[in-house]
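> Just to be clear, the model below is a prediction. Sequence and coordinates:
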Amino acid sequence: KLLRQVSAWCQPAHVKTRKIRRHASKLDQQELTEEALGSVVQCYPRTLVWVCLALLKKGSPELHAMICIPSEEDLLQLSKNQSFCGPQEPKHSDVFKKMVLKQKEMKKREKIGKAAQNITSSTMNITPAKQEDLVLGVWPEPLPDVTSHCCRVLLGFVTQGDFSLAVGCGEALGFVSLTGLLRMLLGQPENQRGLVLLRNPASLQYRFARLTVEV
């Protein structure tokens, strides 16, 4: 029952079919409000939802592609220009790589001045503090926030995706946070509900996709 309700909420106002409306009337479908969202989140606080995604324009979703929430400016640009494929993620500097290189330089300096440090520590009776070795590819603690590590809020990940010759567009399957999904739907205009952004792991380009919950 909850999945059918969420599936109806994901549909934009101009594409709601009679079948969806008939299901909604049978289930006593309620509008998506703060009260309805609060009751769902209270019952299912840490729930993932299996979703289907279809790209609006060109592109082919890949494994582990990020499903993100579009901003108000993204939706506004899409409504003004239908050929707008999506925003771009700005380039980020690899902070972890800089930390690893810095640690290597510090180790070289420690080897050169090891004798002097041993003399100083023995005379002053001080034990030097050991720094944890950094491993390239393993992020040190504290871990960064996963949902906001990019310029768009992360909603979930793609588990399977490719270009569908039968439909003529890129399609994907994935999991998203139920709380994040409902928050996104509540803040979107009714005619643009269910629109998300997809970005492949090796790409900076976000692409608009239609999200649906199959029941």
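Great, that's in hand.
> Report the mean per-residue pLDDT for the longest helix anywhere in the chain.
For the chain, the helix with the greatest residue count under DSSP state H is helix 95-112. Averaging pLDDT along helix 95-112 gives 75.
> show me where this structure has strands.
Counting by DSSP state E, residue ranges of the strands within the chain are 48-55, 66-68, 154-164, 169-177, 195-199, 207-212.
> Tell me how far the longest helix of the chain lies from the chain's centre.
For helix 95-112, the separation from the chain centroid amounts to 32 Å (computed by C-alpha atoms, centre = their mean, to the nearest Å).
> these two touch, right, residue 190 and residue 10?
No: assessed by C-beta atoms under 8 Å, residue 190 is found out of contact with residue 10, at 11.6 Å. In this view, the C-beta of every residue, glycine as well, is placed from N, C-alpha and C.
> So which of those two has more stuff around it?
residue 10 (25 against 12; other C-beta atoms under 10 Å).
> how close does residue 78 sit to residue 84?
Residue 78 is 5 Å from residue 84, where distance means C-beta to C-beta, to the nearest Å.
> got any residues that touch both of these two?
residue 208 (C-beta atoms under 8 Å, 6 or more residues apart in numbering).
> Let me know the pLDDT of residue 150.
With respect to pLDDT, residue 150 scores 87.
> got it, and residue 209?
With respect to pLDDT, residue 209 scores 95.
> how far away is it from residue 200?
From residue 209 to residue 200 the distance is 12 Å (C-beta to C-beta).
> do residue 33 as well
Using C-beta to C-beta, residue 33 is found at 35 Å from residue 200.
> which of these two has more neighbours?
Neighbours were counted for residue 33 and for residue 200 using other C-beta under 10 Å; residue 200 has more, 19 against 10.
> Model confidence at that one, what's the number?
Residue 200 is given a pLDDT of 95.
> what's near enough to touch it?
Applying C-beta under 8 Å, 6+ apart, we find residue 200 in contact with 61-62, 65.
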